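# Here's my sequence, what's the structure:
(chains A and B)
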Amino acid sequence: MQITLGAVHMDDSEFTSQILTEDAFREGGAAGLAAASGDEDPTLRFFDNLRRAALASLDFEGTLGEKPTVFVLSERTPRLDATRLNPAAKRLMDINLRSPEEWEGMLVFTAPHGTGGWAVPLPNNSADEAIDLLEHYGFGHLPIAVIYPRRRALSCYRTGGASGNAPMQLDLPAQTRQVTIDEIFAVLEDVRHNSLLTPQIGPPGFWANPAEYEPGAEAERTIQWIVAAQLRSNFRPILVDTEQEISLGRIDVLMTNPRPTTELPQHPAIIELKALKSKSNGGATFSHSKNVKAVVKGMRQAKSYREEKKARYSVLGCFDLRRDKSDIMTVKVCVMARDRYFTDDRVKAFVFPVYGTTEDAQEASAIG
Amino acid sequence: MRHELQSLKYRIRLIQLLTAAEQAALVPISLDKLHAFAFLADVLSPVWNLRPFEDRIGRTGKSPYYPDLQKELDLLVAMGLVEPSELNYVVDEVEKEVRFNALYALRFSSAHLTKLAGALRKDETAVREQAFLNALAEALASLPDEEIAQAASKDLVYERSGLDNEDYIDLDQMSGTSRTVRAVASFDQAFPGSKLTPARRLYMYANYLGRRAHG
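Okay, here's the model as predicted:
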C-alpha cells in the first residue's frame, strides 16, 4: 500500500505559474468570485446572489410570464420552514440553470446562495397573499425578494414584506452594456431615479428624517450596495467589488474584467461615491465647506485610483442629499480641482439629486 | 473505548455536515454528494485554519468515499437521528456490482438530535467547524446540483496524475501544503487586489473544480 502527501515535487512559484495558465482556473475563479457576493451581511448576500441567479435564468430564451415569485431567506432551514407552511413543499434546485417557467409563481424558502431552496405554490399567484401567509406563520419578519419576470424587476424587502417599508428596487436587464463613462452615468442615474429619488421609493432606513433632510445611518452604504448590484447586472460578466483597499486608500467600486483583452483592460473603471448632505445622521448640521471638501477629495481619489489601478475610466458620483441643491461643481475650489485632476476625458464627475420630500422632487422636475 | 470515542466523533461530524447541507438547501443529499462534501471539507480545512477531520482517504477511481463515515451514517439512521428517503439499488454493469443508494437528511423530530445540536452550539470548536462547513455548503450549492460529486473527484489532490498515483492520500500530513491549498492561494495572483475572504475562496475553488469536471 502506498501513501502520498498529495503534493508533487514542484516549488510554489512553478506550481502557481502552471495553474495560472489553466483556463479552468481563471474561469472557475471568476465564476466563483461573481457567485460569492463579498458582503458580510447574509441578507444583502442573499439579494445579490438571487439577482445574479435570476438574471442567468431570465437569459434563457422564452416568454417571460406575469406570475411573480417570492423568495424568502430562511431563518432555520429552507426545508423546515417550507414544510411547516405546506408539508407537500418540494425541493427546487439550480434556478440559474432553468428557464423562468420552472420557478415562476412559487414561494421559495432559500439560503443566502439564492440558487435553490424549498418551494410551495404562490397563493393565488399573488405576492401580497404570500406576504400575508408568511406573516400568519410567523415568517413576516424574514427578508424576502420578489421577482417579476415579465417586468425584469426584483424588489428586496430587508425587514420582511409585512414591515410596510419600501423595498430596494433592482433591475434585471436583458441587455448588457459596454463600459463607457456615458453608460456608467446611465446606470447611476437609473439608481437615483428608480431606487432613491424620493422617500416613497427609497429603501428603509435611507432617511432618518426625510422632511428635515437627515440621512439614515446606512445611507452611504445603501447607495454603494445598490450601485454595485446594478453595475453587476448591467455590465455582466464584469466583476464589481466594493471597498477595495490599496496603498493609496480605499476604492469604493472597482470593476474588473475576468478575461482582460486589448479592447477591455483588467479594470475597465473605478467609481468613487460621495453623499452630499445638509445634516449628518443624528441631526447635526453638515456644512457647505465639508461637502465641497468631499467633492474635491472625491475628484482626487477618482483620478489617483484610476492611475494606481491602470483603469480605463474613472467616475465620481455625488448623490446629493442636501436640501439646498445649489450647483456644487461650480464652486471655485471644485472648478480648480476639476482643472487640476480631470486632465483627460477618461474621468468625470456627476451629481445625482435625491429628495427628502415628494414635493421637492416635483418642484425640481417642474422647473427642469 | 477508543473505538467508541471515534464513533462519536464521526457521528458528530455527520450531524455537522448534514446541518450545513440543510442550511444550504442541499438536502435530502445523496451518498456521493455527502461523501464529496466530507472530502472537500477535509482538503479545504486549512483555508479556514482548521485541521482535516479524516487522516486519509483512498482513491477509488470514483468520487470520494469514506467507509467509516458511511458505517456511522447507517447507525445514525438506525438511531433515528437521520432519515433516508428514495431508497433504491443501482446496478453498475461495468463494475458488475449492485449498490444501495438513498437520500439523507436530519430527522428534526428526534429529541436526541435537538439535545446534540444544543450542545454543539455551546462548543467553541464545533461552532468554528460549523461556520466553515456552512460556508463550504453554500459554495457547493453554487454548482449544478448533479455535478457536486463529480467536481470533488477532480480535486487536485484526489485526482490521480502521472506524478501522484498512489492508492491513499494522507490528508493530515499534507494539510496546509497540498496542491488544493496552493491552488486556493494562487487565486491572489489570478485576481490581484480582489477582496478574497476565505468564504469567497471556497466559492472560487468549487467553481474551478466545476470547470475541471466539465473538461
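
# Sort out which residues of stretch B:124-134 are buried, please.
Neighbour counts over stretch B:124-134 (16 or more other CB atoms under 10 Å in any protein chain shown) mark B:126, B:129-130, B:132-134 as buried. For glycine as for every other residue, the C-beta is placed from the backbone atoms N, C-alpha and C.

# Is chain B within reach of stretch A:251-270?
Yes: under the criterion of CB under 8 Å from any CB of the partner chain, chain B is reached by stretch A:251-270 at A:254, A:256, A:258.

# Show me what that stretch is in contact with.
Contacts to stretch A:251-270, defined as CB atoms under 8 Å, 6 or more residues apart in numbering or on different chains, come from residues A:26-27, A:29-30, A:33-34, A:179, A:181, A:184, A:224, A:227-228, A:231, A:235, A:237-244, A:271-273, A:301-302, A:305-306, A:309-315, B:191, B:193-194.

# what does stretch B:47-60 give?
Counting by CB under 8 Å, 6+ apart, residues outside stretch B:47-60 touching it are A:3, B:9, B:13, B:38-39, B:41-43, B:45, B:64-66, B:69, B:128-129, B:131-132, B:135, B:158, B:160, B:166-172, B:175, B:181, B:184, B:198, B:201-202, B:205.

# OK, contacts around the residue nearest to residue A:42 when sequence neighbours are not counted?
Residue nearest to residue A:42 in three dimensions, not counting chain neighbours: residue A:112, with 4.7 Å by CB to CB, 6 or more residues apart in numbering or on different chains. In this structure, residue A:112 makes contact with A:42, A:45-46, A:49, A:73, B:138, judged by CB under 8 Å, 6+ apart.

# and residue A:112, what element?
Applying DSSP states H and E as the criterion places residue A:112 outside every helix and strand.

# That one and residue A:47: what is the separation?
9 Å (CB to CB, to the nearest Å).

# swap in residue B:45?
In terms of CB to CB, residue B:45 sits 30 Å off from residue A:47.

# who's more crowded, these two?
residue A:47 (31 against 22; other CB atoms under 10 Å in any protein chain shown).

# and the one helix or strand in chain B whose mean pLDDT sits lowest, what does it pack onto?
Every helix and strand in chain B was compared by mean pLDDT, DSSP states H and E; the lowest is helix B:171-174, with a mean of 72. Under the contact criterion of 3 or more CB pairs under 8 Å, 6 or more residues apart in numbering or on different chains; DSSP states H and E, helix B:171-174 touches strand B:56-58.

# buried ones in the strand it packs on?
B:56-57.

# so what strands line up beside that strand?
strand B:168-170 (antiparallel) (DSSP bridges).

# quick check: mean pLDDT across the partner strand?
For strand B:168-170, mean pLDDT is 80.

# quick one, helices of the chain?
Just so you know, I chose chain A. A:12-20, A:23-35, A:42-58, A:78-85, A:127-136, A:181-191, A:219-234, A:288-309, A:332-341, A:358-366 (DSSP state H).

# Chain B, not that one
B:2-23, B:31-43, B:67-79, B:111-121, B:124-141, B:148-153, B:171-174, B:179-190, B:198-213.

# Which one of those has the poorest average confidence?
helix B:171-174 (a mean of 72).

# Enumerate the residues of the stretch 101-250 of chain A near chain B.
A:109-113, A:115-118, A:239, A:241, A:243-246.

# Quick one, which of these are buried?
A:109-113, A:115-118, A:239, A:241, A:244.

# Could you identify the most distant pair in those residues?
A:118 and A:244 (36.0 Å; CB to CB).

# Test my guess that residue A:24 contacts residue B:212.
Yes: Residue A:24 is in contact with residue B:212 according to CB atoms under 8 Å; the separation is 5.1 Å.

# For the residues of the stretch 101-250 of chain A next to chain B, which two are the farthest from each other?
Farthest pair in these, by CB to CB: A:118 and A:246, 42.3 Å.

# Report the separation between residue B:80 and chain A.
17 Å (CB to the nearest CB, to the nearest Å).

# Please report the distance of the residue lying closest to that residue once chain neighbours are set aside from chain A.
The shortest distance from residue B:80 to any non-neighbouring residue, by CB to CB, 6+ apart, is to residue B:110 (5.3 Å). To chain A, residue B:110 is 13 Å away according to CB to the nearest CB.

# Around residue B:110, how many other residues sit close by?
Neighbours of residue B:110 (other CB under 10 Å): 17.

# The one 10 residues further on too?
Counted with other CB under 10 Å, the burial measure for residue B:120 works out to 17 neighbours.

# dump the residue contacts of it.
Contacts of residue B:120 (CB under 8 Å, 6+ apart): B:12, B:15-16, B:126-127, B:130.

# Then residue B:36?
By CB under 8 Å, 6+ apart, the neighbours of residue B:36 are B:63-64, B:148-149, B:151-153.

# change it to 6 Å
Residues near residue B:36 by CB atoms under 6 Å, 6 or more residues apart in numbering or on different chains: B:63-64, B:148-149, B:152.

# which residue is nearest the middle of chain A?
residue A:229 (2.0 Å; CA atoms, centre = their mean).

# Kindly state the pLDDT recorded for residue A:261?
89.

# just residue A:171 next, same as before
Residue A:171 is given a pLDDT of 90.

# Equivalent analysis for the one 10 residues further on, please.
Looking at residue A:181, its pLDDT stands at 96.

# do the same with the one 3 residues further on
Looking at residue A:184, its pLDDT stands at 97.

# got the contact list for residue A:135?
Per CB under 6 Å, 6+ apart, neighbours of residue A:135: residue A:162.
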